[in-house]
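Asks: From the sequence below, what's the structure:
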Amino acid sequence: MIQLTPSACEAVRSAIAGAAATAEGIRIMVEAGGCSGFKYMMGLVSAPEPSDVIVEVDGVKVFVDAQSMPHLQGTTVDFVVTLEQSGFSFDNPNAASKCSCGKSFS
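Replies: A predicted model of the protein is given here:
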């Protein structure tokens with residue numbers, strides 16, 4: 001199962017509230033690419049796909065496709081703000097290594 005921290009939930013709620021189109025939740029998926037082999041992809045979506053796994057955390061719906069779920073099982077998503085940047089970060093127990101930006105892993 002995927003977990004979202006309270007900060008991540010608030011960031012998603014804010015994104016949904018400010019979206020131009022109606023959004024039901026956020027899709028998190030894994031694609032080949034990035035500097036470490038796989039990269040995280042996120043985006044607001046209006047509805048789940050038929051094969052999606054749906055996780056609800058504190059009222060926030062997270063949609064994950066069946067192919068990405070094994071890579072994301074046990075991952076905690078946080079939203080962090082630092083002096084250098086702000087954005088989502090992933091604590092993924094399935095990642096053998098990750099790049100310095102934290103957006104890709106192997």
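Asks: quick one: the strands in this structure?
Replies: 3-4, 25-33, 37-45, 53-57, 60-64, 76-81, 86-91, 104-105 (DSSP state E).
Asks: Quick one, which of those gets closest to residue 19.
Replies: Among those, the nearest to residue 19 by Cβ to Cβ is strand 37-45 (5.5 Å). From N, CA and C alone the C-beta is placed, and that goes for glycine too.
Asks: So for that closest one, what gets flagged as buried?
Replies: Judged by neighbour count using 16 or more other Cβ atoms under 10 Å, the buried positions of strand 37-45 are 37-40, 42, 44-45.
Asks: any idea of the mean pLDDT for that strand?
Replies: Mean pLDDT, computed over strand 37-45, is 89.
Asks: Just list what that strand packs against, helices and strands only.
Replies: strand 25-33, strand 86-91, strand 104-105 (3 or more Cβ pairs under 8 Å, 6 or more residues apart in numbering; DSSP states H and E).
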